[in-house]
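Chemist: for reference, the sequence and a predicted model appear below.
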Amino acid sequence: SQKMQAVGPLAGGVAHDFNNLLTAMIGFCDLLLLRHKPGDQSFSDIMQIKQNANRAANLVRQLLAFSRQQTLQPRILSVTDVLAELGNLMRRLIGENIELKMLHGRDIGYVKVDQNQLEQVIINLVVNARDAMAGGGRLTIVTSNHVVEQAQRREHETIPSGDYVSIEVIDTGCGIPKENLQRIFEPFFTTKGVGSGTGLGLSTVYGIVRQTGGFVLVESEKGEGTTFTILLPRHKGEARPDQGEPRERRGSDLTGSGTIMLVEDEDAVRVFSARALRNKGYQVLEAKNGEAALQQIGTDGNRIDLLITDVVMPQMDGPTLARHVRQMRPDMRVIFISGYAEDRLGEIDGVEVAHFLPKPFSLKQLASKVKEVIRDGK
């Protein structure tokens, strides 16, 4: 438990710095791709750099999931609907020599979770189950409503009493030896051969489920298979699944007009973001820190349509800057950008954190977010 707690802040700090580097790498690749189209000699080289940067971004996301500092976008969901959508993908992942069965209980309650993260949890568990059944077998996924009458102590965690939705992932594989059972959620612990896994799969599962307010339990006997049980708090509000945000249409127009104040202490991220937005038709004022931004806003405040600010900056951070700006311009729209989700974001008096863009982001994601926020403000 102490080791998990110590690695968490370390992973979060490393991930934050990496996300700044990756934002710059992905961003400058996007700027190069504006000049080098398919068929150009350099196009495939730039795409290779961008694809590898995106792979690195996925690894960083796993570190953030483990350290429980990632940005979650929870929605009210039906677990059975999520599993139905994943059905075809799971069958492709496990191959033909493993039988997949899904057993759903009646009147399963709703849960409030980030759908992408829940899907990642299930896929990680399915892939682990597949690897444990090299010679074939049966994978069963069972959903049910689960009531904890009295608080239960399991390993080093206490599950409070309450209503939960349970997802069990049961395999008939080789099982987990007792000496490994205590360590399976540790980051970078793996029993697979070199090059076969990062050891982040189960620690990611653990981080996502705990950040969502749930619990993950495991039962296994060597040679007898393994059962992972995920308990997610049952949503008690209005029993209606969210529809989610409409997806950005391909080929949609991302150009716009207006004046943007961009505040970012990382030079490479600021340079890329400013160039990307100028390419889309915006006027961009740049500042390296909150103090410089406030001076400019004091001079040009009336013509600024949108403030984009990093959350973590030396001296004056993003939330403090946003508070000062809102005192001068109460109607100012603000987009926060950050390498990880800051707890402070939810605690800003008088500043509603309606818009957040996690790093690393691409040129298209930045332009889409800016256009959406400016359009909503008109």
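Modeler: Ah, there it is.
Chemist: show me the helices in the chain, by range?
Modeler: Counting by DSSP state H, residue ranges of the helices within the chain are 2-35, 43-67, 79-94, 115-132, 178-181, 201-211, 267-279, 290-300, 318-328, 363-377.
Chemist: what lines up beside the longest strand seen in the chain in the sheet?
Modeler: Looking only at the chain and at elements set by DSSP state E, the strand with the highest residue count is strand 137-148. Strands flanking strand 137-148 in the sheet, each with its direction: strand 98-104 (parallel), strand 162-171 (antiparallel) (DSSP bridges).
Chemist: measure how it sits relative to helix 115-132, angle-wise.
Modeler: 130 degrees (axes from the mean of the first three to the mean of the last three CA atoms, to 10 degrees).
Chemist: alpha carbons of strand 137-148, in PDB - could you do that?
Modeler: Listed next in PDB are the C-alpha coordinates belonging to strand 137-148 (Å, rounded to 0.1, in the frame of the first residue of the first chain):
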ATOM      1  CA  GLY A 137     -10.800 -22.300 -22.500                       C
ATOM      2  CA  ARG A 138     -13.900 -20.300 -21.500                       C
ATOM      3  CA  LEU A 139     -14.200 -16.600 -20.700                       C
ATOM      4  CA  THR A 140     -17.400 -15.600 -18.800                       C
ATOM      5  CA  ILE A 141     -18.500 -12.100 -18.100                       C
ATOM      6  CA  VAL A 142     -21.300 -11.800 -15.500                       C
ATOM      7  CA  THR A 143     -23.100  -8.600 -14.500                       C
ATOM      8  CA  SER A 144     -25.300  -8.300 -11.500                       C
ATOM      9  CA  ASN A 145     -26.600  -5.900  -8.800                       C
ATOM     10  CA  HIS A 146     -24.600  -6.300  -5.600                       C
ATOM     11  CA  VAL A 147     -25.600  -5.100  -2.100                       C
ATOM     12  CA  VAL A 148     -22.900  -4.700   0.600                       C
END
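Chemist: quick one: work out the angle between it and helix 79-94.
Modeler: With the same axes, to 10 degrees as the criterion, the two stretches strand 137-148 and helix 79-94 enclose an angle of 160 degrees.
Chemist: out of the helices of the chain, flag the one nearest Gln150.
Modeler: With CB to CB, the closest approach to Gln150 among the helices of the chain belongs to helix 201-211: 20.9 Å. Where C-beta positions appear, they are placed from N, C-alpha and C, glycine not excepted.
Chemist: how about Glu157: what's its closest non-neighbour residue?
Modeler: Phe215 (6.4 Å; CB to CB, 6 or more residues apart in numbering).
Chemist: ugh, wrong one, Asp317
Modeler: Nearest-residue entry for Asp317: Val311, 6.4 Å, with adjacent residues in sequence omitted and distances by CB to CB, 6+ apart.
Chemist: these two touch, right, the one you found and Ile337?
Modeler: Yes. Under the contact definition of CB atoms under 8 Å, Val311 touches Ile337, with a separation of 7.2 Å.
Chemist: state the distance from Glu85 to Asn58.
Modeler: If you measure Glu85 against Asn58 using CB to CB, to the nearest Å, the figure is 20 Å.
Chemist: what do you get for Asp331?
Modeler: Between Asp331 and Asn58 the distance is 38 Å, computed by CB to CB.
Chemist: neighbour count: these two, which is higher?
Modeler: Looking at Asp331 and Asn58 with other CB atoms under 10 Å, you find the greater number of neighbours at Asn58, namely 9 against 6.
Chemist: contacts only, for the more buried one.
Modeler: By CB atoms under 8 Å, 6 or more residues apart in numbering, the contact list for Asn58 is empty.
Chemist: now Arg138
Modeler: Going by CB under 8 Å, 6+ apart, Arg138 touches Ile98, Glu99, Lys101, Asp171, Thr172.
Chemist: hmm, 6 Å instead?
Modeler: Under the criterion of CB atoms under 6 Å, 6 or more residues apart in numbering, the contact list for Arg138 reads Glu99, Thr172.
Chemist: can you start the count at 34 instead of 1 from here on
Modeler: Sure thing, new numbering starts at 34, so read that last one as Arg171.
Chemist: tell me what it is bridged to.
Modeler: Glu132.
Chemist: read off the pLDDT value for it.
Modeler: At Arg171 the predicted local distance difference test score is 92.
Chemist: closest one to Ser75 among the strands paired with strand 170-181?
Modeler: strand 131-137 (43.3 Å).
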